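Q: okay, sequence plus prediction incoming.
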Amino acid sequence: MKKLFLFRIFILTAAVAIVFTACEKDEEKEWGTPTVGFTITDEDDLNAPAEVQFINTSKHGEQYHWTFPGGKIIRNDEITNDSVTTAIQPERVHYALPGVYEATLRVTTGGEEQLYLKEFTVKKPNPVIEVEPAGGIVYDDTVTFRAVYFEYPELEDQVTFNWDLGNGETSTEPNPVTSYNPPGEYVVTLELFDGVETLTATRTLTIQAEIAKTLYFTNAINQSLFKKMLYTGTDLPHEDVGVDVGLNALSVTVHEERIVITVAGENIRFAPAETPADGTIFTTNLSGGDRWTITSPGAFPDFDYRDDPFVATVGPDGTVYWLDRFQGARSLTYLEQDAAYPEPYIFNDASEGTDLANAIGVSTAYGWTDGAIRIVNGEVWYSKHGTGRGLYRFTPAGEYLGKIEPLFDIKIRSFEVDTENNKIYFAVNQAAGGYDPGLYVCDIDGNNIQLIDPLTDFSGQGGEAERTHITEMVVDAEGGYLYYPFRHETDINFEGTIEGDGSLSGIKRWKLDNTEEPEFYVTGVIPYGVGIDHVKR
């Protein structure tokens, strides 16, 4: 059975072959007229040295004869010395020099020969200017140039370079080196003599101001948000982002691609209890667009001016934690839009005899004025000032963890924690615990307290018991500075009325290694909130 089966397959295969052969012969009788021709791949874009691909489009040839004057045939990816072949189609043909070439194909069928001839051009590529570093170039970077050009064999010694580097420097070196400052666009020009002719190439370089962190801060003069790039070299001016932040925008926090701003509104001093809330928490993108309100107490009748948001922070997960005047911390995700205003849940029950008051070590902490709030190693740190004092630690859920013991008797208006250097920077706005108003630094456990800046002539806005003072500060441990707002008493008075032009106010900075005295980094603004985008952009 097995042999019979195989035999049948063989007979069937042979029959099919006979049919195909018969068909081919019939078709050849109908359309078998020989033709000759070929095409060239990318014919209009051949640059020396070139490997040219010829595609045979001839029909019904019996013999083929190619000639490539000036070219060398490639076989098995190797350049030969042959310029003639009888292959149906050559692999490729190498042309070392620019020029006009001619390729010929002869096709013989039945003793008759047909000829096809094609002329084509292998061009000399224009010089190209290459630069190192190849990526973004920052001002004062060392920049090296080189030219990529067609090199004529045996003419290398005749090549000359004339560079105009666009920054006032010229060079005749093959690989000149320079740098650029200030940032901007520079046009580099090269005149190259390649041994045969002079060619010109240009390249425009965009020199970046350093890819750097950005400082954001509010300005009470025009109630807008400003930014300034934290360059280590070129000092570009601060600029208005164009975001209306309203009156008393006390806090600015950058989270990923968003900015979260808290606005306390007009009533940041004690007022009658029925005074309506007018504060808000909103967010924009880093350019000031795509704005939405996260929440606002004024949109809900059960809240008054005491609930207006003062200082906030944003945790790594996007949770916004904020404080009002004295009632405790609240939280919402920054993705919320026009959300219901939540009740406080951290440090809002420390009245007389409560477990929280006992844990803190006081008879009562109810009504203690809120200071600032920060997320530190997954914990919520929260300070008190005015009628209160101290710096305390909680879980994000509101469970009390403890206090920073050496700071317990100090009225801390605001603070920032530097986990890189294990320091706490804090502002005292009312004398207590042996410390006068000023800006201080201590170890992360509260020990080794040292004065940074006495903040002489700082505005007394808010009154003696509840000075608005420094509402926020930020640290750039990598850059080595602490940044904080300074509002001079002649620019804004104790009622919060603007009286000056901001020339004595602005953003100050202090070098973390204490090798420099505090200095103004920005002037001409009256700032409250200040935040930093730690992503270099």
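A: Great, that's in hand. Numbers count the residues shown, from 1 in each chain.

Q: show me what the host helix or strand of Ala359 is packed up against.
A: Element membership for Ala359, per DSSP states H and E: helix 355-360. Using 3 or more C-beta pairs under 8 Å, 6 or more residues apart in numbering; DSSP states H and E as the contact test, the elements touching helix 355-360 are strand 400-403. C-betas here are computed from N, CA, C, even on glycine.

Q: could I get the helix or strand that the strand it packs on is followed by in PDB with only the CA atoms?
A: Using DSSP H and E, the helix or strand that follows strand 400-403 towards the C-terminus is strand 412-418. The C-alpha trace of strand 412-418 is given here as PDB (Å, rounded to 0.1, in the frame of the first residue of the first chain):
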ATOM      1  CA  ILE A 412       7.100  78.100  65.000                       C
ATOM      2  CA  ARG A 413       5.300  80.000  62.300                       C
ATOM      3  CA  SER A 414       6.700  77.900  59.500                       C
ATOM      4  CA  PHE A 415       9.400  75.300  58.900                       C
ATOM      5  CA  GLU A 416      11.100  73.100  56.300                       C
ATOM      6  CA  VAL A 417      12.800  69.800  56.900                       C
ATOM      7  CA  ASP A 418      16.000  69.000  55.000                       C
END
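
Q: tell me the strands beside strand 412-418, with direction?
A: Using DSSP bridges, strand 412-418 pairs in its sheet with strand 423-428 (antiparallel).

Q: how is this protein divided into domains?
A: With domains defined by automatic domain parsing, the chain comprises 38-122, 128-208, 214-533.

Q: tell me which of these is the most buried.
A: domain 214-533 (a mean of 19; mean count of other C-beta atoms under 10 Å).

Q: pull the distance from that one to the chain's centre.
A: 26 Å (C-alpha atoms, centre = their mean, to the nearest Å).

Q: follow-up on the earlier one: got CSV for the domains of the chain, with distance to Gly32 too?
A: Listed next are these as CSV, based on distance: least, C-beta to C-beta, whole Å:
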stretch, distance to Gly32
domain 38-122, 5
domain 128-208, 46
domain 214-533, 69
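
Q: show me where this protein dips below the pLDDT cut-off.
A: Counting by pLDDT under 70, the ranges of the chain that qualify are 1-31, 232-234.

Q: now do the helices in it.
A: With DSSP state H, the ranges of helices along the chain come out as 2-31, 355-360.

Q: now do the strands in the stretch 1-150 of the chain.
A: Using DSSP state E, counting those that start in this stretch, the strands found in the stretch 1-150 of the chain span residues 38-40, 50-52, 54-56, 63-67, 72-75, 78-79, 84-85, 92-95, 99-109, 112-122, 128-132, 137-138, 143-148.

Q: what sits against the residue sitting nearest the centre point of the chain?
A: Nearest to the mean C-alpha position of the chain, by C-alpha atoms, centre = their mean, lies Arg537 at 3.4 Å. Residues near Arg537 by C-beta atoms under 8 Å, 6 or more residues apart in numbering: Ile211, Ala212, Thr214, Leu286.

Q: which of these sits closest to Val474?
A: Set against Val474, the nearest of those by C-beta to C-beta is Thr214 (11.1 Å).

Q: and the closest one, bridged to which residues?
A: Met229, Asp533.

Q: how far away is it from His238?
A: 10 Å (C-beta to C-beta, to the nearest Å).

Q: what sits in contact with each of the two?
A: Lys227, Lys228.

Q: what distance do you get for Thr214 to Gly111?
A: For Thr214 relative to Gly111 (C-beta to C-beta), the value is 83 Å.

Q: same question, Gly32
A: 15 Å.

Q: repeat that for Gly388.
A: As judged by C-beta to C-beta, Gly388 and Gly111 stand 112 Å apart.

Q: please apply the same query to Asn56.
A: Distance from Asn56 to Gly111, by C-beta to C-beta: 20 Å.

Q: OK, contacts around Leu215?
A: Lys227, Lys228, Met229, Leu230, Val474, Tyr483, Ile507, Val530, Gly531, Ile532, Asp533.

Q: er, Ile73 actually
A: Thr80, Asp82, Ser83, Val84, Thr85, Pro90, Glu91, Arg92, Val93, His94.

Q: swap in Ser224?
A: Contacts of Ser224 by C-beta under 8 Å, 6+ apart are Thr218, Asp240, Val241, Gly242, Val243, Asp244, Val245.

Q: please list all residues in contact with the last one.
A: By C-beta under 8 Å, 6+ apart, the contact list for Val245 reads Thr218, Gln223, Ser224, Leu225, Ile261, Val263, Gly529.

Q: how about Leu455: what's its closest non-neighbour residue?
A: Gly438 (5.2 Å; C-beta to C-beta, 6 or more residues apart in numbering).

Q: ok, the one you found touching Ile449?
A: No. The criterion here is C-beta atoms under 8 Å, and Gly438 misses it with Ile449 at 10.7 Å.

Q: Ala147 contacts Phe161, doesn't it?
A: Yes. Using C-beta under 8 Å, Ala147 makes contact with Phe161 at a distance of 6.8 Å.
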